[in-house]
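Novice: Here is my input, please return the structure:
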Amino acid sequence: MSTRTQVMPDSAVGAPWLERETTFGEPAEKIWLVQFPFTIGRQDAADHAINCTRVSREHCRITRTGKGYKIRDLGSTNGTYVNGERIDEVPLHDGDLVSVADMEFTFFSGEASVEDAATQRIAPKSAGAAEDVVGDSLVQTVRWMNETTTQGGLQTTFQRIVSLEGGQTFGWDVVVFDPADAIEQAAQALLAGTDCRVTRRARQVSRLVAIERIAAARVAGRALLRVDPIELGDHTLATRLGKLANLLGRGRVVVDLDESVTHDARQFRAFCEAMAEQDVAVSLRGFAAGRAQMADYADCPPQFVRFAPQMTSDLAGNSRRKKQVQAAIEAASELDAQIIVTNVADDEQAELCRELGCHLAVGAYYGGLHPIPQVR
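Specialist: Numbering: from 1, shown residues only. Modelled structure (predicted):
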């Protein structure tokens, strides 16, 4: 896919523009809207031409009205989308995400500076909205998420992972953007847990921010980056994660997946093979079973297995649970997988986990969540 357009310099103050995310790590491209109507399509005569068979010759048109701007689909085969919804004609607002085939553009009216826009983000409505406003709520939420991503306002935090044997810092549990945290109750069923383009972009940006902060802090250790199961269907995911690994250093990135991804054995194997090519390790989180389930990983063993909190929360007074944990640890050892214990609260719990053969731990006992990696 290629594009052709007239791109004006940043000195075009006051003009609206479309902003397109380019290749990894490069500045976004600004497409200035200097004449109206402004057309997007596959034909060379379009004001912004996109050489892609999924784009119609005359795909969509942006016009200026007395009240602002609007975009109209011109009967395209694959449709024009604004904030994830297919449209005929709708008004355009700052931060709206416009999708044409596989191309994504963020609209800016030019009426406020980037700094002003950062303080004018559209926040999601309060929880408990009535069912008849779910559509408006979803649009508002998507717009807010897109603006937050564009302005670099995503929250990323770090929690230290330590070696139970010696107490050294092994790495960092990275808590990146989660769409469910940003979505009001009325819109959750429609957007949370889906691979919509704006949530995909937010996850990608938040992981990049996390890697940049670890690199800037110059701390040792690995970074455990959470990847949602829905993302495994993205054919660009492995390449993007590989580039993050290159930024931090080969062998320092661990992809943290929910244990449920192993249910699709073919997809999980393909993903693990792609990660191995990028020198990226794989961790499975939420393990809450025993030896038999651990043995099921033998065909495609992860490098790390993270116990669910309930696995080790009451070990001291539960002999049955202790045997279950010990059997799982022995099975993991046969796979050369290291066990990560979560939610460690005190020295007694940490010591018991160490005696059972657990390798690594994370929890309040070793430090809470911080906006930057911190070593005590």
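
Novice: just the strands in the stretch 251-376 of the chain please.
Specialist: Per DSSP state E, counting those that start in this stretch, the stretch 251-376 of the chain carries strands over the ranges 253-258, 281-287, 304-307, 338-341, 360-362.

Novice: whoops, the stretch 1-150 of the chain was the one
Specialist: With DSSP E, counting those that start in this stretch as the criterion, the stretch 1-150 of the chain has strands spanning 2-5, 17-20, 29-32, 38-41, 48-51, 60-65, 68-73, 80-82, 85-86, 89-92, 97-100, 103-108.

Novice: Any idea which of the strands of the stretch 251-376 of the chain gets closest to L237?
Specialist: Proximity to L237 (CB to CB) singles out strand 253-258 among those, at 9.2 Å. Bear in mind the C-beta positions are built from the backbone N, C-alpha and C, glycine included.

Novice: Now do the closest one: which elements does it pack against?
Specialist: strand 222-227, helix 237-248, strand 281-287 (3 or more CB pairs under 8 Å, 6 or more residues apart in numbering; DSSP states H and E).

Novice: on that earlier part again, and the strands of the stretch 1-150 of the chain as a markdown table, adding mean pLDDT, mean neighbour count and distance to R252?
Specialist: As requested, those are exported to a markdown table (pLDDT from 0 to 100; neighbours: other CB atoms under 10 Å; distance: least, CB to CB, whole Å):
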| stretch | mean pLDDT | mean neighbour count | distance to R252 |
| --- | --- | --- | --- |
| strand 2-5 | 46 | 13 | 35 |
| strand 17-20 | 88 | 20 | 31 |
| strand 29-32 | 88 | 18 | 31 |
| strand 38-41 | 96 | 22 | 41 |
| strand 48-51 | 92 | 19 | 37 |
| strand 60-65 | 95 | 18 | 43 |
| strand 68-73 | 95 | 18 | 43 |
| strand 80-82 | 89 | 22 | 37 |
| strand 85-86 | 84 | 13 | 40 |
| strand 89-92 | 94 | 16 | 42 |
| strand 97-100 | 88 | 22 | 32 |
| strand 103-108 | 87 | 21 | 30 |
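
Novice: Low-confidence regions, the stretch 51-200 of the chain specifically.
Specialist: Scanning the stretch 51-200 of the chain for pLDDT under 70 picks out 111-154, 177-198.

Novice: Mind doing that once more with 90?
Specialist: 51-54, 66-67, 78, 81-86, 93-97, 99, 101-106, 108-157, 166, 175-200 (pLDDT under 90).

Novice: looking at the strands of the stretch 251-376 of the chain, which is closest to H59?
Specialist: Of all the strands of the stretch 251-376 of the chain, strand 253-258 comes closest under CB to CB, at 36.2 Å.

Novice: what mean pLDDT does that closest one have?
Specialist: Averaged across strand 253-258, pLDDT comes to 96.

Novice: would a markdown table of the strands of the stretch 251-376 of the chain with distance to R207 and mean neighbour count be doable?
Specialist: Output for the strands of the stretch 251-376 of the chain, formatted as a markdown table (distance: least, CB to CB, whole Å; neighbours: other CB atoms under 10 Å):
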| stretch | distance to R207 | mean neighbour count |
| --- | --- | --- |
| strand 253-258 | 9 | 24 |
| strand 281-287 | 15 | 21 |
| strand 304-307 | 18 | 25 |
| strand 338-341 | 19 | 24 |
| strand 360-362 | 18 | 23 |
